[in-house]
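Undergrad: Sequence plus the predicted model coming up.
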Amino acid sequence: MNSIPTAGTDDSDVTITVCPDGPLLVRGAARILDPDGNPIGHDRATVALCRCGRTSIAPFCDSSHKRKRRRP
């Protein structure tokens, strides 16, 4: 997995981890916005954002990617 930490070292740091053939794991105090710029609420320290587009709870992952055929 690849992680991209933001600058700084305090509790407001955000780390995004790219899961192979899976979601983006966002850890930290990230603000998630809808296409209109409105905040999307979440109550977890880590959220999984869908990358496959099959989720029924967009923008969050519901593990629908597991039903998708893996790339060779």
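TA: On my side now, so go ahead.

Undergrad: use CA for all of it now, contacts and neighbours both
TA: Will do.

Undergrad: Give me the below-cutoff pLDDT ranges for this structure.
TA: 1-11, 68-72 (pLDDT under 70).

Undergrad: all strands of it, in order?
TA: Shown for the chain, the strands assigned by DSSP state E span residues 2-5, 14-18, 24-28, 46-49.

Undergrad: State the distance from Pro23 to Val14.
TA: Applying C-alpha to C-alpha, to the nearest Å, the value for Pro23 to Val14 is 16 Å.

Undergrad: try Gly53
TA: Taking C-alpha to C-alpha, one finds Gly53 at 23 Å from Val14.

Undergrad: Pick out whichever of the two has more residues nearby.
TA: More crowded of Gly53 and Val14, by other C-alpha atoms under 10 Å: Val14, with 20 against 13.

Undergrad: what about the more buried one, distance to Ile57?
TA: 22 Å.

Undergrad: hang on, isn't Arg54 packed against Phe60?
TA: No: using C-alpha atoms under 8 Å as the test, Arg54 is too far from Phe60 to be in contact (10.2 Å).

Undergrad: nearest residue to the residue positioned nearest the centre of the chain other than its sequence neighbours?
TA: Nearest residue to the geometric centre of the chain (C-alpha atoms, centre = their mean): Leu49, 2.9 Å. Of all residues not flanking Leu49 in the chain, Phe60 sits nearest, at 4.4 Å (C-alpha to C-alpha, 6 or more residues apart in numbering).

Undergrad: need the contact list for that neighbour.
TA: 47-50 (C-alpha atoms under 8 Å, 6 or more residues apart in numbering).

Undergrad: Dump the residues you listed to a markdown table, plus distance to Leu33.
TA: Formatted as a markdown table, these follow (distance: C-alpha to C-alpha, whole Å):
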| residue | distance to Leu33 |
| --- | --- |
| Val47 | 13 |
| Ala48 | 14 |
| Leu49 | 12 |
| Cys50 | 14 |
